[in-house]
Every structure is written in C-alpha cells, then in structure tokens.
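Undergrad: need a 3D model of the following:
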Amino acid sequence: MQQIFISYAQDQAHGQRLAEQVQQQLGTAGFAVFRDVGGIIPGTTWALEIERQLKASKLVVLVVSAKALNSSWVFAEYDMALEHGIPIIPVFAETLSAPLWLRHLQRLDFSSQADWQGLVQAINQHIQQPNASPQPAPTSQPKQPSSAWASASGDDQYGHYADLNVKGVIQRFRWLSPGKFLMGSPLSEPERGDDEFLHEVTLSQGFWLADTACTQALWQAVMGGNPAKFKETPNNPVENVSWDDAQGFIKKLNSLAAGLHLRLPMEAEWEYACRAGTGTRYSFGNDITKQQVNYNKNVGQTVPVKSLPANPWGLYEMHGNVWEWCQDWYGSYPAEPVVDPQGSQSDFFRVLRGGSWFYNGRSCRSADRHRDDPGFRRSLYGFRLARGL
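TA: Next comes the predicted model:
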C-alpha cells in the first residue's frame, strides 16, 4: 500500500468534513491514508511527526477551504511536498478563487458534488494503486537453491521450494525474496490495534520459511514426545508449546545436520510472508470465511496443516489455526522506515502472530499483534520454522 497524506485546515466546516470523507473513501479504495486526527502517536512531537508522515507519503491530497488558504500549516505542508517532489492534488471544498501558489496545479472541484472516481483516477495517474488481489510469488532465485540441508528442491506455481527430511517427516520450505512492504495497518482499517503503526520495512535478504506450522509428526521426530492437546492426526500443528520450548526444539533439530541454521521468523518476516504482496486485512482480501481460515471456534480445535487454502506465496494457515511464535521481543514499532528490523532489544513478552482456532477474525488479520511470556504454554500456541541464507 502507498500512503496518501491529507492536508487540510480544521475549520469545523466544509474543509474538515471533506477531509474526513476523503480519508474514508480512499481507505475503502485500499490506500493507506494519513490524517492528523488519530494519526499522531501520543508523546511524539506533533510537527516532527507531520513532517515524517508527509515524507513517507507518495501523494498529498490538499483539501482547499477558506481557512486552509490562510493556514500557515497547510502552506508549510504544501511547500514541503514541493521540496520533496511529492505530487499534490488540490480538492476544493468550497467555491473559491485559487491563490497564486495553487494556480499552476489542475484541481478537482468538490464544492457542489464529490467526484470520488475522478479523485482515485487522478491518484492512479501519479502513483500505482495498491492491489488487493494476490501477487505473484517472489521469482528471484536464492543464492543457494540446492542447499545441502534439503533432500529435494524445485519450482512450482508458488515459486522455489526446498524439502527438509527429518527421519522420514518432510517439511517444505518456501523461498521468499528480498522486498519492501508497509508493515502495520492504516488508520482506516476496521478493528486495528493501537500497536499497528504503519511504517515502511525493507527486507534486504531473502529467507526460507516453512510452508506450514510445525506439525506434531515433526516435533515427535525430533523430541520423541508430543505436548499437543489435539492429537487427532500427526499432521495437526504442534501446540501447547512455549517460545522457550520452540527454542529447545530448534536447537536439537539444528544439531541433527550441519548447516541447518533454523530459527523462528522475525516479526517483520512473518508479516511480509503473511501478506504475500497484498495490502488488505487478510491475504484473501478484507474478509475471511471458515472455508479459508480455522478461527472463532468454528471447528473447536486445530485442523491438520494444509487443510485450508494457501496464500499467494504457497504458505498455509498463516491466518488462524495456531498463534505462531516469532523470534522478537514485543515492542513499539519505529516511527520511520526501517531495514531488517530486529524488534525490541528487551521486554517481558515475545511476539505471536496469526490468530488461532479459538480467537475471532480481528486477531487473524495480517497486521494483528499478540504477545505473551516466553515460558507460557497454551493449546493455541505453535510456531513455524525459518532459515536465512
């Protein structure tokens, strides 16, 4: 998703009402939208945050009202957009004469009737509209497509894969190429959490990610026992495991073969993989069904992995079934674009992602964040494996 910045004056009249409508309409159209109301993190310097958000935006919608034309803040935002080469679309909320500093820009007149289609079309002339439909799988080949740790590797409709064979149990991994995405959720997203601050993340290195949560079969092959509550089939995800348990499993698994270097995914890697190129609430769109996701006690327990459709990158049950532990300590998101984020340096809680069979659809969203004590076990908690190059 590409962010749109709304510049306007709080006049309690035409301009402010139109700014609210612009935010709602563009959010519905799939854009990330910044407007100062609700968009400033408490405790941050207001002016610096406005500047940061504007610089992170791809386009400015300037809502023109009588008060806006006399606002030093609006003019400063306009001037900053020009300085950084950010396109500006003036949208007139009232019948006004354009000032000299705006006359060179073609405008949209919403004073008598709003033309939302015209606004979206104008935006699309300047920037690429966010695409809610599934994106192709990453196509860049890994530096080591046939690593020694893989018993088999190849390509299919989702991209490159490699299979790990542990005592006859196969875990498939998908190669995810480096990329850039918006992590978190826009203010317009229904049911968003306060800790989902939208920010740009660049992952400079590709990585391998298991296409499913760790199964009970794989856990038993490594550890010999089975801590899960729901033991209907060996292909159910292992659950009732803590972050600490997952670390013990990974340590033992890595000792079985040289060069495995398996780990839990970082939170940013997890969301990048879950979104799979989409900017909607879920990788399936803005809504989910029980045919797509095991959630909200629809089944009453976990289901076997690969029971439900994969996301566009061939990853199964990224939404629902079990919460998945991530490597990171839980912490607040940064207020600026970041490269290869490692999460908080220390905290009391580790991150979990994806929702579960028990929780509702809100917690299954791509941006939703959960946290818990690293030593705590629940029948809702599992994990999936990751591996760098």
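
Undergrad: wait, is residue 78 part of a strand?
TA: No. Residue 78 is assigned helix when assessed by DSSP: H, G, I helix; E, B strand; the rest coil, not a strand.

Undergrad: report how many residues lie close to it.
TA: Each residue near residue 78 was counted by other CB atoms under 10 Å, and the total is 22. The C-beta positions use only the backbone N, C-alpha and C, and glycine is treated the same way.

Undergrad: any idea which helix or strand carries residue 9?
TA: Under DSSP states H and E, no helix or strand contains residue 9.

Undergrad: test my guess that it contacts residue 15.
TA: Yes. Residue 9 is within contact range of residue 15, at 5.4 Å (criterion: CB atoms under 8 Å).

Undergrad: going on from whatever helix or strand residue 268 lives in, what's the next piece of helix or strand?
TA: Using DSSP H and E, residue 268 sits in helix 267-275. Next helix or strand after helix 267-275 toward the C-terminus (DSSP H and E): strand 323-329.

Undergrad: relative to helix 267-275, how tilted is that following strand?
TA: With axes from the mean of the first three to the mean of the last three CA atoms, to 10 degrees defining the directions, strand 323-329 sits at 150 degrees from helix 267-275.

Undergrad: quick one: contacts of the helix holding residue 268?
TA: 176, 179, 181, 183, 201, 203, 207, 209, 265, 283, 311, 313, 315, 318-319, 324, 326-328, 340-341, 343, 351, 353-354, 366-367, 369, 386 (CB atoms under 8 Å, 6 or more residues apart in numbering).

Undergrad: how about the CA coordinates for that helix, as CSV?
TA: Taking Å, rounded to 0.1, in the frame of the first residue of the first chain, the C-alpha atoms of helix 267-275 are listed here in CSV:
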residue,chain,number,x,y,z
GLU,A,267,8.0,-10.4,13.2
ALA,A,268,8.6,-8.4,10.1
GLU,A,269,9.5,-11.5,8.1
TRP,A,270,6.3,-13.1,9.4
GLU,A,271,4.0,-10.3,8.3
TYR,A,272,5.8,-10.0,4.9
ALA,A,273,5.2,-13.6,4.3
CYS,A,274,1.6,-13.5,5.6
ARG,A,275,0.7,-10.6,3.4
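
Undergrad: how much space between the residue of the chain positioned farthest from its centre and residue 103?
TA: In the chain, counting by CA atoms, centre = their mean, residue 97 sits farthest out from the average C-alpha position, at 42.2 Å. Going from residue 97 to residue 103 by CB to CB, to the nearest Å gives 9 Å.

Undergrad: domains of this structure?
TA: Here the domain parsing of the chain from automatic domain parsing is 3-126, 152-387.

Undergrad: so which of these is the most surrounded?
TA: Of all these, domain 152-387 has the most neighbours on average by mean count of other CB atoms under 10 Å, namely a mean of 19.

Undergrad: show me the biggest helix of the protein in terms of residues.
TA: The residue-count maximum for a helix in the chain (DSSP state H) belongs to helix 14-28.

Undergrad: contacts made by it with the rest, please.
TA: Counting by CB under 8 Å, 6+ apart, 4, 6, 8-10, 33, 35, 61, 63-68, 91, 93-94, 110-111, 114, 116, 119-120, 123, 186-189 sit against helix 14-28.

Undergrad: pairing partners for the next helix-or-strand element following it, with directions?
TA: Sequence-wise, the next helix or strand downstream of helix 14-28 (DSSP H and E) is strand 32-34. When sheet partners are counted by DSSP bridges, strand 32-34 sits next to strand 3-7 (parallel).

Undergrad: the inter-axis angle of the strand it pairs with versus helix 14-28?
TA: 170 degrees.

Undergrad: now do the SS call for residue 74.
TA: helix.

Undergrad: now it. Nearest residue, chain neighbours left out?
TA: In space, and not counting its chain neighbours, residue 74 is closest to residue 68: 4.7 Å by CB to CB, 6 or more residues apart in numbering.

Undergrad: I'd like to know how far that neighbour sits from residue 81.
TA: Remark: distance between residue 68 and residue 81 (CB to CB) = 14 Å.

Undergrad: what do those two both touch?
TA: Joint contacts of residue 68 and residue 81 (CB under 8 Å, 6+ apart) are residue 7.

Undergrad: for residue 215, give me its contacts.
TA: Contacts of residue 215 by CB under 8 Å, 6+ apart are 169, 171, 234-238, 305.
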